[in-house]
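> Sequence plus predicted model, see below.
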Amino acid sequence: MHSYLKAIGFSDITDKKKLDQILKEVIHTYDEKIVVEDGKHHLFAELSKMFGCDFGITVCGEYDENNEFQMEYYFPYFRGTGITLREQVSIEKHAGKESFAGACDDMRIGVTIIFYLQNAGEYLTQRGRGNFASGGMYNVTLSGLAKKGTILLPVWKQEGQESQSRIDAANRGRLIAAAKNGDEEAMESLTIEDMDTYAMISERIENEDIYSIVDTYFMPYGMECDLYSVMGEILECSKMRNQRTEETVWELRIACNDVELDICINENDLMGIPEVGRRFKGIVWLQGYVDFDMM
């Protein structure tokens with residue numbers, strides 16, 4: 001049972017029998033289908049069905065010699081909007097099944113972003129045609145599914161503080177890029193900056209709550225490479241309904257470290273009422289859609 005099914009409104013699936021009914025529905029009444037033949041004449045198939053606005057379930061497998069579909073795995077998905085970033089993208093196959101992880105660096109965050117690739121069929125098609133170059137520049141749309149989340153009040157900021165924060169973030173991004181290229185002066189500047197930040201937090205934490213000091217973050221969580229702990233300002237929020245279960249989910253667009261991404265979460269798993277300007281905090285399973293036609 002996929003633990004993130006409830007994020008898209010399937011919290012009532014408690015046994016394999018109910019799950020099989022849903023997956024059969026996807027296989028027989030899919031909205032999108034991609035079939036790719038590999039060099040060994042295996043027909044990889046990706047079948048997707050939407051159960052609400054921008055979210056649904058994808059089933060992947062292959063067709064046998066009798067042209068019957070054999071499911072290998074499935075996953076719930078939520079497709080974001082807009083372009084989150086344009087960076088050099090590398091894609092690697094997961095061990096044990098024909099699914100893939102994407103990875104790219106973003107200087108605004110300062111870490112390598114690893115995400116679960118949503119459009120594996122399109123990737124296999126473009127790779128087979130020789131149109132994919134590992135490490136090439138591609139547009140990536142990031143999104144996330146959350147099992148639990150909390151709404152926090154915004155941080156009060158003085159006039160001009162927000163614009164100064166953007167300038168500081170841009171300068172830090174340039175320093176990180178220079179440090180990656182071996183610039184020792186940039187490395188030293190980053191080290192001093194981190195020491196100053198630590199000293200400031202240590203002083204303020206005695207009298208303030210940590211969430212009044214840190215207003216946004218994006219950092220890896222646990223041992224799974226595509227799980228992230230995020231907190232960001234809500235830019236847009238809307239209630240949607242799963243057409244099959246009638247459960248309500250929230251779709252939130254948030255800004256984390258100047259990176260915008262969309263998050264989907266079941267209404268029953270969200271503590272607080274989301275509004276534009278407030279903050280979302282939670283653990284998300286990061287997914288990504290790569291535009292392989294745009295290099």
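Here it is on my side, so go on.
> Can you name the element that comes right after the lowest-mean-pLDDT helix or strand in the chain?
Within the chain, no helix or strand scores below helix 161-180, which has a mean of 66 by mean pLDDT, DSSP states H and E. Per DSSP states H and E, the first helix or strand lying C-terminal to helix 161-180 is helix 184-204.
> quick one, phi/psi of the spatially most distant residue from the centre of the chain?
Using CA atoms, centre = their mean, the residue of the chain lying farthest from its centre is N66. It sits 36.9 Å away. Here is the backbone geometry of N66 (degrees, to the nearest 10): phi -100, psi 10.
> now swap in the one 5 residues further on and tell me
Phi and psi for M71, reported as degrees, to the nearest 10, are phi -70, psi 140.
> What is the neighbour count of it?
Each residue near M71 was counted by other CB atoms under 10 Å, and the total is 16. All C-beta spots, glycine's among them, are computed from the backbone N, C-alpha and C.
> what do you get for G232?
Applying other CB under 10 Å, we find 23 other residues in the vicinity of G232.
> Go ahead and list the helix or strand containing it.
strand 227-241.
> just checking, next helix/strand downstream of that strand?
That would be, after strand 227-241 and using DSSP H and E, strand 248-256.
> what inclination does that next one have with respect to strand 227-241?
Going by axes from the mean of the first three to the mean of the last three CA atoms, to 10 degrees, strand 248-256 is angled at 140 degrees with respect to strand 227-241.
> which other residues reach strand 248-256?
Strand 248-256 has contacts (CB atoms under 8 Å, 6 or more residues apart in numbering) with 7-9, 52-55, 78, 81, 109, 216-218, 230-242, 260-267, 270, 274, 279-280.
> and if we set it to 7 Å?
8-9, 52, 54, 216-218, 230-242, 260-267, 270, 274, 280 (CB atoms under 7 Å, 6 or more residues apart in numbering).
> ditto for stretch 198-218
The contact list for stretch 198-218 (CB under 7 Å, 6+ apart) reads 109, 152, 155, 228, 230-233, 255-257, 259.
> ok, back up a step: selection in PyMOL covering whichever of the contacts of strand 248-256 are buried, please.
Selection of buried members from the contacts of strand 248-256 for PyMOL, criterion 16 or more other CB atoms under 10 Å:
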select buried, resi 8+9+52+54+216+218+230+231+232+233+234+237+240+242+260+261+262+263+264+265+266+270+274+280
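> Please tell me how far the closest residue to G9 other than its chain neighbours sits from I34.
Distances taken as CB to CB, 6 or more residues apart in numbering put N242 closest to G9, at 2.9 Å, once the chain neighbours are dropped. Distance of N242 to I34, given as CB to CB, to the nearest Å: 24 Å.
> if we can go back for a sec, and the strand holding G232, what other elements does it pack with?
Counting contacts by 3 or more CB pairs under 7 Å, 6 or more residues apart in numbering; DSSP states H and E, strand 227-241 is packed against strand 217-220, strand 248-256, strand 279-291.
> any chance of those in JSON lines, with distance to D194 too?
Below are these laid out as JSON lines (distance: least, CB to CB, whole Å):
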{"stretch": "strand 217-220", "distance to D194": "14"}
{"stretch": "strand 248-256", "distance to D194": "19"}
{"stretch": "strand 279-291", "distance to D194": "23"}
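> of those strands, which approaches Y123 most closely?
Shortest distance between Y123 and the helices and strands packed on strand 227-241, using CB to CB, is found for strand 279-291: 7.0 Å.
> Okay, angle between that closest one and strand 227-241 too, please.
Here the directions of strand 279-291 and strand 227-241 differ by 90 degrees (the same axes, to 10 degrees).
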